[in-house]
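Undergrad: Please find the sequence and the predicted model below.
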Amino acid sequence: MPGRSSANKSGSNLEKRVVELASKLGLSTKKQVRAGHRLWGKGRRIDVVVYDKKSGKSLGIECKAQNQPGTAEEKLPATIQDIQSWPIPGIVVLDGKGFSEEIKAFLFSTGKAVLLDELEDWLRLYFGLHDE
C-alpha cells in the first residue's frame with residue numbers, strides 16, 4: 001500500500017514528540033498501552049498514555065500524522081468513537097498538512113482533538129499545570 005511506510009514513521013515520530021513534551025512538563029508516559037478489544041475482536045492499543053503521578057490523573061493520546069492528503073483521515077471518526085470505549089479519557093493529536101479542513105472541523109467539534117502545536121496548552125489545562 002503506497003505511503004504506509006512513511007505514515008508509520010510519521011506516527012512513530014509524533015508519538016516520540018508527544019512523549020518528549022509530556023516529559024518536559026514533568027508528566028510520565030507509556031507507549032502502546034493495551035486497552036481491551038475492538039468490536040471485531042482485534043486488540044485495542046492506546047498510542048501514548050500520559051499520567052501525573054501526583055494526582056493519579058491519566059490521559060490517552062492517539063497520534064495521527066498525515067503530511068499529504070489521503071485516505072487515512074477516513075478512519076478518524078471511528079477513532080473518536082473508539083476513544084469512548086477506553087477506560088480513561090482520551091484525545092487525538094493531529095500533526096501535518098495533509099488533513100482536510102472538513103475532517104479537522106469535525107474532530108475539533110467533538111472536543112476530542114487538538115493540533116500538536118496546541119498540545120502543551122491543552123495538557124497544562126487538563127493536568128492543572130501552571131507556568132512558574
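TA: Happy to help now that I have it.

Undergrad: hey, where'd the helices end up in this protein?
TA: For the chain, the helices defined by DSSP state H occupy 4-24, 76-83, 101-110, 119-127.

Undergrad: residues contacting the spatially most central residue of the chain?
TA: Centroid-nearest residue in the chain: E62, 2.6 Å away (criterion: CA atoms, centre = their mean). Counting by CB atoms under 8 Å, 6 or more residues apart in numbering, E62 touches 46-47, 79, 82-83, 90-93. (Each C-beta comes from the backbone N, C-alpha and C, glycine too.)

Undergrad: Q84: neighbour count?
TA: 9 (other CB atoms under 10 Å).

Undergrad: What of the one 10 residues further on?
TA: L94 is surrounded by 26 other residues when neighbours are defined as other CB under 10 Å.

Undergrad: how long is stretch 20-35 from one end to the other?
TA: End-to-end distance for stretch 20-35: 23 Å, by CA to CA, to the nearest Å.

Undergrad: gap between it and the chain center?
TA: Centroid separation for stretch 20-35 versus its chain: 11 Å, with CA atoms, centre = their mean, to the nearest Å.

Undergrad: Contacts made by that stretch with the rest, please.
TA: Taking CB under 8 Å, 6+ apart as the rule, stretch 20-35 contacts 15, 18-19, 43-53, 60, 86-87, 119-120, 123-124, 127, 129.

Undergrad: make it 10 Å
TA: 12, 15-16, 18-19, 43-54, 57-61, 63, 82-83, 85-88, 90, 93, 116, 119-120, 123-124, 126-127, 129 (CB atoms under 10 Å, 6 or more residues apart in numbering).

Undergrad: What of stretch 73-82?
TA: In contact with stretch 73-82 (CB under 10 Å, 6+ apart) are residues 35, 38-39, 44, 46, 62, 64, 66, 90-92, 94, 98-100, 102-104, 106-107, 109-113.

Undergrad: picking that back up, out of the helices of the chain, flag the one nearest G70.
TA: helix 4-24 (8.1 Å; CB to CB).

Undergrad: on that earlier part again, just grab the bridge partners of the residue nearest to the centre of the chain for me.
TA: Counting by DSSP bridges, E62 is bridged to V92.

Undergrad: want to try CSV for the helices of the chain, with distance to K30, mean pLDDT and mean neighbour count as columns?
TA: Shown next, in CSV, are the helices of the chain (distance: least, CB to CB, whole Å; pLDDT from 0 to 100; neighbours: other CB atoms under 10 Å):
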stretch, distance to K30, mean pLDDT, mean neighbour count
helix 4-24, 9, 79, 16
helix 76-83, 17, 88, 16
helix 101-110, 24, 93, 14
helix 119-127, 15, 96, 16
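
Undergrad: Sounds good, over and out.
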